[in-house]
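> need a 3D model of the sequence below.
(chains A, B, C and D)
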There are 2 protein chains.
Amino acid sequence: MQDKILLGFLQDGEKTGYQIKKLMESSTGYFFNTSLGSIYPAFRKLEKDGMVKMKQKVTEGRVKKLYSVTEKGMECFQTWLNEEITIPKARDEVLLKIFFFSNLEPEKRREKIIFYVKQLQGMIDHLSTLKNLVEVNTSNRDEKKVNDYLNKYKIDAFRIEMLDYGVEYYIFMKKWYEDFLNRIDDVDKH
Amino acid sequence: MQDKILLGFLQDGEKTGYQIKKLMESSTGYFFNTSLGSIYPAFRKLEKDGMVKMKQKVTEGRVKKLYSVTEKGMECFQTWLNEEITIPKARDEVLLKIFFFSNLEPEKRREKIIFYVKQLQGMIDHLSTLKNLVEVNTSNRDEKKVNDYLNKYKIDAFRIEMLDYGVEYYIFMKKWYEDFLNRIDDVDKH
DNA sequence: ACTTGCATGTAAGTCGTTACATGATTGT
DNA sequence: ACAATCATGTAACGACTTACATGCAAGT
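Residues are numbered from 1 along each chain as shown, chains lettered A, B, ... in the order given. Okay, here's the model as predicted:
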């Protein structure tokens, strides 16, 4: 999957590993983010397999390794995009803790959930801000400015959709945990 | 995390690795499920670290290795349960594909989403059935039967909550993807 | 006789992280 | 001068999966 995200980010032109890391942080960050320590070796492997080609370039005294996707890499990426999509495992540690919540004192349970709801609110705020930022920058009358903005951050309709999904997802979770808190409060009052 | 789920399942008595695998399939399965190939080595490590102790028992000609949690294991599990809970990364491959959806033909995009929505419905049906099964079995007048049932599958209020979360979670996703489908249909009509 | 389920285990491989290491440039 | 950011890389480690390997018991 690591390799697919790299090929994906190279679809609109050559980039360095560091650049991709920065793009990831500002876009896929909330659901997918990989460390530089796994990006660089991944690029080496992709190059070995003929999926990407590397071009060294010296800019402002710095040696940069620009990677671009090859024909073979394009095919590989398309194949992956075309594969049937299946439900992934949630692998959510929070759910696991709640599954074992009977082993924790009632007070502590409440504490944990209240703290978690606060964190979820923070995430909602953060993603909403990002989404608003995009909306403000794209509602400008100056079409050139809008396009420059969209291009700089590689934003398209689907990437905005992913921001929307993030907001809605965390709103759902927050609501569920708030209701859950009410339910366990009722139980504990007995 | 692997080790924590094992310690968690041992909280209500000694079990074999195989038993835990079965319990996982019928309870945490939809959000957490590990293979036997990682359960057995994990138990060995836990034993080496003094978290669990093993007792060999011969039942019906079969040699079983029953693990039980030690004092140290109890502490370790409690510490884990008490740690502040933080938002985990979603790491959802589906989101990643949609992020790169502009590289796929509009028709294929629709196909993928329609297929995914069907799968989500299947998941909703599956978890709803499980939840109903629990509800039917616990609405019995015979209290002994109810307790036997709850005990057999190690069900408590929180484990039922986790089933509820699963149902609600997949309903949320299904709705979002259905709305998403309508939105991309509108865009493609231009 | 055969398949399914119970029960355990190992080996190879994939995937990813953190920590360490280096060094240049840019802003304060 | 100093910190932050740009830019790349390696080593050690952790977590987990699949495939392989074994063997008994129970049901059909």
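> could you list the domains of chain A?
Using automatic domain parsing, the domain ranges for chain A come out as A:2-82, A:93-188.
> only alpha carbons, please: show the host helix or strand of A:Lys144 as PDB.
Under the criterion of DSSP states H and E, A:Lys144 resides in helix A:143-152. Provided in PDB are the C-alpha atoms of helix A:143-152 (Å, rounded to 0.1, in the frame of the first residue of the first chain):
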ATOM      1  CA  GLU A 143      -9.900  32.100 -11.500                       C
ATOM      2  CA  LYS A 144      -6.100  32.100 -11.900                       C
ATOM      3  CA  LYS A 145      -5.600  32.500  -8.200                       C
ATOM      4  CA  VAL A 146      -8.000  29.600  -7.500                       C
ATOM      5  CA  ASN A 147      -6.200  27.300 -10.000                       C
ATOM      6  CA  ASP A 148      -2.800  28.200  -8.600                       C
ATOM      7  CA  TYR A 149      -4.100  27.300  -5.100                       C
ATOM      8  CA  LEU A 150      -5.600  24.000  -6.200                       C
ATOM      9  CA  ASN A 151      -2.500  23.200  -8.100                       C
ATOM     10  CA  LYS A 152      -0.100  24.000  -5.300                       C
END
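> contact partners of that helix?
A:Asn137, A:Thr138, A:Asn140, A:Ile155, A:Asp156 (C-beta atoms under 8 Å, 6 or more residues apart in numbering or on different chains). Yep, even glycine has a C-beta here, placed from its N, CA and C like the rest.
> do the same with stretch A:112-129
With contacts defined as C-beta under 8 Å, 6+ apart, stretch A:112-129 is touched by A:30, A:94, A:97, A:104, A:163, A:166-167, A:170-171, A:173-174, A:177-178, A:180-181, A:184, B:84-87.
> could you give me the buried positions within that stretch?
Using 16 or more other C-beta atoms under 10 Å in any protein chain shown as the test for burial, stretch A:112-129 gives A:Lys112, A:Ile113, A:Tyr116, A:Val117, A:Leu120, A:Met123, A:Ile124, A:Leu127, A:Ser128.
> out of the domains of chain A, nearest to DNA strand C?
Nearest of those to DNA strand C, taken as C-beta to the nearest atom of the strand: domain A:2-82 at 2.5 Å.
> please see if that closest one touches chain B.
Yes. Domain A:2-82 is in contact with chain B by C-beta under 8 Å from any C-beta of the partner chain, via A:4-5, A:8, A:11, A:27-28, A:30-33, A:77-78, A:80-82.
> of the residues you listed, grab the buried ones for ChimeraX.
In ChimeraX syntax, the buried subset of the residues of domain A:2-82 next to chain B is picked out as below (16+ other C-beta under 10 Å):
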select /A:4,5,8,27,28,30,31,32,77,80,81
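> what's the following helix or strand after the helix or strand of chain A with the lowest mean pLDDT?
The weakest-scoring helix or strand in chain A, judged by mean pLDDT, DSSP states H and E, is helix A:143-152 (a mean of 78). Using DSSP H and E, the next helix or strand after helix A:143-152 towards the C-terminus is helix A:157-188.
> can you say which of the domains of chain A is nearest to DNA strand D?
Closest among the domains of chain A, using C-beta to the nearest atom of the strand: domain A:2-82, at 3.3 Å.
> chain center to that closest one: distance?
Relative to the mean C-alpha coordinate of its chain, domain A:2-82 is positioned 16 Å out (C-alpha atoms, centre = their mean, to the nearest Å).
> next one: stretch A:109-129
The answer for stretch A:109-129 is 18 Å, by C-alpha atoms, centre = their mean.
> right, and A:Ile184 touches A:Arg109 too?
Yes. The criterion here is C-beta atoms under 8 Å, and A:Ile184 meets it with A:Arg109 at 6.3 Å.
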